[in-house]
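Chemist: next one to model:
(one chain, ligands or ions: 2)
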Amino acid sequence: MFRQPGGHVVRALTIAGSDSGGGAGIQADLKTLHQFGVYGMCAITALTAQNTHGVQDIQAVPASFVQQQLESVLTDLGADAVKTGMLASADIIHTVADVLEAHAVQHLVVDPVMVAKGGAPLLQPDAVDALKARLFPLAAVVTPNLPEAQALCGYPIRDLADAKRAARDLAQSGVPIVVIKGGHAADGRPNDAVDIIYDSGTQTFTSLVSPRVPSRKTHGTGCTFSSAVTALLARGEAPLTAIAMAKAFVFEAIDRAKDWDVGSGHGPTDHTAPANTSLLVPPAPLQHGSSYVYRDGTWTVHASPPAGL
Ligand SMILES: Nc1ncnc2c1ncn2[C@@H]1O[C@H](COP(=O)(O)OP(=O)(O)O)[C@@H](O)[C@H]1O
Ligand SMILES: Cc1ncc(COP(=O)(O)OP(=O)(O)O)c(N)n1
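Modeler: Numbers count the residues shown, from 1 in each chain. Ligands and ions are numbered 1, 2, ... in the order given. Just a heads-up that it's a prediction; the model follows:
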């Protein structure tokens, strides 16, 4: 396990739903935290019966029991960083926000999970406002995918210019850093996956680009990405470095899984992808306002960024 200079084992808490298929949710989160050498803990918000073909059923956990799990963990083990994933209902969101406020948690990553890739709703529609009002102001980083960003902003995101507008608008809820993930490629980018980062402090956009792996095995990419960011923030990395390393890790996890036979539908990624710093870390501190590309295991400044970056 990764330790802070004083010898303290780095730990992180995920508050999310269980994916019985093991590719997303709590299972992806704990695998990712472990891979980054961070001690992982969890509070489960919902149980899903799920596989690589979709979500067959959902059982919500009562908000009072989510609260009990959080209190059990935070009053004993503590957390250097916390992430939220599937929160299911406004009731659970209010409970989670109350507990996180009371414990003054640091480094909160909010992955505003709303719909699984197969189309199953993972958040009640009336909970979207609660997410923005209660959790966004507590977050260090918020990581919507394109459909989530559209739902949160209330307008379509068709291209990179729209994604930038959405990132800046979402930051108005009091979020230091918004990442609009590009896995869904609303603007039809067949060859690359572009993530747009807006930093409220510097009021700059940074874009991170990787080749798009031609694979259906991308189940759980968002959970894996936000967990990697959480692990790296817990370890003390700067947010921009954490986000870049997380993107590189997800690229490697998708790439490793492209030929494997786990499930016959949209399979999961391979969380045993390398997470050691030397392979994923940018060679120099990333500059806000620039565009970077991850290719062949290396980050470089993007010499010919896509139009709109
Ligand atoms: N086919 C792919 N090839 C490379 N990177 C991808 C691919 N699909 C998603 N990503 C990356 O995975 C991360 C998660 O994005 P996304 O899939 O949009 O999230 P979600 O699972 O929440 O829908 C982002 O960094 C995105 O760029
Ligand atoms: C229990 C649970 N939580 C979250 C998700 C969605 O995960 P995500 O990483 O966005 O991956 P896809 O479902 O989009 O492949 C989930 N499916 N289940």
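
Chemist: just to be sure, I254 is in a strand?
Modeler: No. Secondary structure assignment (DSSP: H, G, I helix; E, B strand; the rest coil) places I254 in helix, not in a strand.

Chemist: what residues does the stretch 201-309 of the chain have near ligand 2?
Modeler: Residues of the stretch 201-309 of the chain that fall close to ligand 2, judged by CB under 6 Å from any ligand atom: 219-223. C-beta coordinates here come from the backbone N, C-alpha and C atoms, glycine included.

Chemist: of these, buried ones?
Modeler: The neighbour count (16 or more other CB atoms under 10 Å) marks 219-223 as buried among those.

Chemist: against ligand 2, how distant is G17?
Modeler: Taking CB to the nearest ligand atom, to the nearest Å as the measure, G17 falls 3 Å from ligand 2.

Chemist: could you verify my assumption that that residue touches T84?
Modeler: No. Counting by CB atoms under 8 Å, T84 is not a contact partner of G17; they are 10.4 Å apart.

Chemist: quick one on the thing from earlier: just the residues of the stretch 201-309 of the chain next to ligand 2 that are near ligand 1?
Modeler: Answer for those near ligand 1 (CB under 6 Å from any ligand atom): 221-222.

Chemist: any chance of the residues of the stretch 201-309 of the chain next to ligand 2 in JSON lines, plus secondary structure and pLDDT?
Modeler: Shown next, in JSON lines, are these (DSSP: H, G, I helix; E, B strand; the rest coil; pLDDT from 0 to 100):
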{"residue": "H219", "secondary structure": "strand", "pLDDT": "97"}
{"residue": "G220", "secondary structure": "coil", "pLDDT": "98"}
{"residue": "T221", "secondary structure": "helix", "pLDDT": "98"}
{"residue": "G222", "secondary structure": "helix", "pLDDT": "98"}
{"residue": "C223", "secondary structure": "helix", "pLDDT": "98"}
